[in-house]
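K.L.:
attaching a predicted model along with its sequence, questions to come.
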Amino acid sequence: MTTTYVIEGAEVTGLDAFWRAVGAAVNGPGGYFGANLDALADCLRGGYGTPDDGDFVFVWRDHARSRAALGHAETARTLERRLARAHPTQRPALRARLAEARAGRGPTDFDDLVAVFEREAPGALTLA
């Protein structure tokens, strides 16, 4: 039987709020299901609350609201935080992406999250 997890888009007011919402959806209030893109990918591969057989789906309700909250402004904020602790070899690429986000161009945090779902759990995410 397929297990369904619901991400409440109204609760996603920024990237930190997304991590709380997806953690709560899978593992209950205060639950963990990633705190960065790599960790989300690991969690989607199994062993962090989803069924061992991989028979699960996510429904992201009110995703348009989340898309707006995780848009270019939030992406710029996220990139600024990453840039502050990035290895020197990674900084030029992060600066370029930050400039694009500040200009309202390029992929957003929302786009990055959806891409991880699509790559690690193809077909398991429904945007509602």
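P.N.:
Right, received. Where do you want to start?

K.L.:
what comes up buried for the strand or helix carrying F110?
P.N.:
Assigned by DSSP states H and E, F110 belongs to helix 109-120. For helix 109-120, the buried set under the neighbour-count rule, 16 or more other C-beta atoms under 10 Å, comprises D109, F110, L113, V114, V116, F117, E120. Quick note: C-beta positions are derived from backbone N, CA and C, even for glycine.

K.L.:
a markdown table for those, including distance to R102 and pLDDT?
P.N.:
A markdown table is the format used below for these (distance: C-beta to C-beta, whole Å; pLDDT from 0 to 100):
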| residue | distance to R102 | pLDDT |
| --- | --- | --- |
| D109 | 14 | 98 |
| F110 | 17 | 98 |
| L113 | 20 | 98 |
| V114 | 21 | 98 |
| V116 | 23 | 98 |
| F117 | 26 | 98 |
| E120 | 29 | 96 |
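
K.L.:
strands along this protein, start to end?
P.N.:
For the chain, applying DSSP state E gives strands covering 3-8, 56-61, 125-127.
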